[in-house]
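Novice: below are the sequence and a predicted model for it; my questions follow.
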Amino acid sequence: MNQTPLGYMLRVMCDPKADPARRDAMAIAAVQYVHPLARNVPPRSPHDQFLPPSVRGTL
């Protein structure tokens, strides 16, 4: 199967059988490709500490 990383993230995000935490992580990881300006916005949520380190501060 030939699939882009974004396609994979979106497929996992939309899979109702996938673990909700994994779906959330894929949504967070994909946002920078779907909404490019989102990566330049500083975090405003006190819940940022609960995000995986790879995406912390990217929303």
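Specialist: Arrived safely.

Novice: phi, psi for Ala29 please.
Specialist: In terms of degrees, to the nearest 10, the main-chain angles of Ala29 are phi -70, psi -30.

Novice: can you give me the distance of it to Asp19?
Specialist: According to CB to CB, to the nearest Å, Ala29 stands 15 Å off from Asp19. C-beta: built from backbone N, CA, C; applies to glycine.

Novice: neighbour count winner among these two?
Specialist: Ala29 (19 against 10; other CB atoms under 10 Å).

Novice: just checking, the more buried one touches Leu10?
Specialist: No: in this structure, Ala29 is not within contact of Leu10 by CB atoms under 8 Å, at 10.2 Å.

Novice: pull the CA atoms of stretch 20-39 into CSV?
Specialist: Taking Å, rounded to 0.1, in the frame of the first residue of the first chain, the C-alpha atoms of stretch 20-39 are listed here in CSV:
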residue,chain,number,x,y,z
PRO,A,20,-9.1,7.2,21.4
ALA,A,21,-5.7,8.4,22.6
ARG,A,22,-4.1,7.2,19.4
ARG,A,23,-6.8,9.0,17.3
ASP,A,24,-6.2,12.2,19.3
ALA,A,25,-2.4,11.9,18.7
MET,A,26,-3.0,11.5,15.0
ALA,A,27,-5.3,14.5,14.9
ILE,A,28,-2.7,16.6,16.7
ALA,A,29,0.1,15.4,14.5
ALA,A,30,-1.9,16.0,11.3
VAL,A,31,-3.1,19.6,12.1
GLN,A,32,0.1,21.2,11.0
TYR,A,33,-0.4,19.7,7.5
VAL,A,34,-4.1,20.6,7.2
HIS,A,35,-3.7,24.0,8.9
PRO,A,36,-0.1,25.2,8.3
LEU,A,37,-0.5,28.3,10.4
ALA,A,38,-1.4,26.3,13.5
ARG,A,39,2.3,25.3,14.1
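
Novice: OK, contacts around Gln3?
Specialist: Contacts for Gln3 (CB atoms under 8 Å, 6 or more residues apart in numbering) come out as Arg11.

Novice: per-residue confidence for it?
Specialist: Among the per-residue scores, Gln3 shows a pLDDT of 84.

Novice: and it, backbone torsions?
Specialist: Per-residue torsions, Gln3: phi -140, psi 140 (degrees, to the nearest 10).
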